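> Sequence below, structure please.
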Amino acid sequence: MTAGSPLNPGDKWPEKAYKNSEFLASHDARPIRVLCEFLEPERRFRELGVKSTIVFFGSARTLPHETAKHRLKAAREDLKRASEASLKLEQAVDKAECALRLSRYYEDATVLAEKLTRWWLSRPKDACVICSGGGPGIMEAANLGAAQAGGPSAGLNISLPFEQVPNTYQTRELSFEFHYFFIRKFWFVYLAKALVVFPGGFGTFDELFELLTLTQTGKLGKRVPIVIYGTEYWNDVIDFDAMARWGMISEEDLKLFRFCDDVDTAFDYLTKELDKT
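Next up is the predicted model:
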């Protein structure tokens, strides 16, 4: 340690720690940054009167139907114009065809979020808003549906190197930007009255299984209906019945969620369950 240099009468006063941006961005200040991501959303939700949410999970890669249709058409035209067979172009067509099949979930998420928002706006209760991860795909569809119904919606955005660009349909005052996944997931669950899980990848799986674990172990402290939407996809990628057969979960655990394949069934189930709260 060196002695350093003494302060002179004309020197600028030392900066307060809470105004020192270099310190706040440092490793030592990580607990402060974590606390900020807990307290700042809490204040905003409180000031806007939001006491509960209906959370939509699902892939950021799911496209609107018209976008997926145009991309498939373009991929087929590229393949047709090719002078010789191209494996890469054939794979592009296959991916575009799959994207078109998945696009129905974007449309369904939009309609379901719209119907749930209209339903809640008609009720004299505390504000319950649609909440998504704030990005594209299913998240965008959920915020879009709420906007079409004339209601607010929340977007819990996360800083990522790809995919996660905030969509324009979330309410500005309820648009958040998180750095820490675990604090973001806390806010997904803490205010949730219901959850709808559309087809997705690693992120959606992470969110789904954490929610199921919290529900299974009673850590939520409340009953939250969980809809898993799209049996064709989910039965292809996860065999919940096999988990029960192998004894990794109980038969009762299969009742923690409800599979749905259309908007009306999901809406009827969710509103019936929400009426109980």
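> CA atoms for contacts and neighbours, from now on please.
Will do.
> For the lengthiest strand in the chain, list the C-alpha coordinates in CSV.
The longest strand of the chain (DSSP state E) is strand 50-57. Taking Å, rounded to 0.1, in the frame of the first residue of the first chain, the C-alpha atoms of strand 50-57 are listed here in CSV:
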residue,chain,number,x,y,z
VAL,A,50,-50.5,-4.0,-10.1
LYS,A,51,-51.0,-6.7,-7.6
SER,A,52,-51.2,-9.8,-9.8
THR,A,53,-50.3,-11.1,-13.2
ILE,A,54,-51.1,-13.8,-15.7
VAL,A,55,-47.8,-15.0,-17.1
PHE,A,56,-47.1,-16.2,-20.6
PHE,A,57,-44.0,-18.2,-21.3
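> What helices and strands are in contact with it?
With contacts taken as 3 or more CA pairs under 8 Å, 6 or more residues apart in numbering; DSSP states H and E, strand 50-57 sits against strand 127-132, helix 138-148, strand 192-197.
> Need the residues that contact the first one.
This means strand 127-132. 49-57, 113, 117, 120-121, 139-140, 142-143, 146, 151-156, 188 (CA atoms under 8 Å, 6 or more residues apart in numbering).
> switch to 6 Å and redo it
For strand 127-132, contacts defined as CA atoms under 6 Å, 6 or more residues apart in numbering pick out V50, S52, T53, I54, V55, F56, M139, S153, A154, G155.
> quick one: low-confidence parts of the chain?
1-4, 83-85, 124-126, 162-164 (pLDDT under 70).
> for it, what spans make up the strands?
Going by DSSP E, the chain shows strands at 50-57, 127-132, 153-158, 175-178, 192-197, 226-229, 258-260.
> With L274 as the reference, name the closest of these.
strand 192-197 (7.3 Å; CA to CA).
> Tell me the gap between the longest strand of the chain and the middle of its chain.
10 Å (CA atoms, centre = their mean, to the nearest Å).
> Can you mark which positions in that strand are buried?
V50, K51, S52, T53, I54, V55, F56, F57 (16 or more other CA atoms under 10 Å).
> who's the fifth one bridged to?
The one in question is I54. I130, A194 (DSSP bridges).
> Surely it touches V196?
No. Using CA atoms under 6 Å, I54 makes no contact with V196, being 7.7 Å away.
> Can you report how many residues lie near S21?
10 (other CA atoms under 10 Å).
> shift numbering so it begins at 32
That works, and once the first residue is 32, the last one we named lands at S52.
> For E208, which non-adjacent residue is closest in space?
Among residues not flanking E208 along the chain, N188 sits closest, at 4.7 Å (CA to CA, 6 or more residues apart in numbering).
> contacting residues around that neighbour?
Here N188 is in contact with G164, G165, F207, E208, F209 (criterion: CA under 6 Å, 6+ apart).
> now it: how far from Y200?
Distance, N188 to Y200, using CA to CA, to the nearest Å: 13 Å.
> which residues do the two both contact?
By CA under 6 Å, 6+ apart, no residue touches both N188 and Y200.
> residue boundaries of the helices in this structure?
All helices of the chain, identified by DSSP state H, fall at 52-55, 61-78, 96-112, 118-152, 169-179, 212-221, 233-247, 262-268, 271-276, 294-305.
> Which residues belonging to the second one are considered buried?
In terms of neighbour count (16+ other CA under 10 Å), helix 61-78 has its buried residues at R64, E68, F69, P72, F76.
> Who does the nearest residue to the fourth one once chain neighbours are set aside form a beta bridge with?
Yep, that's P72 we're talking about. Nearest non-adjacent residue to P72, counting by CA to CA, 6+ apart: F207, 7.3 Å away. Note on F207: beta-bridge partners by DSSP bridges are L187.
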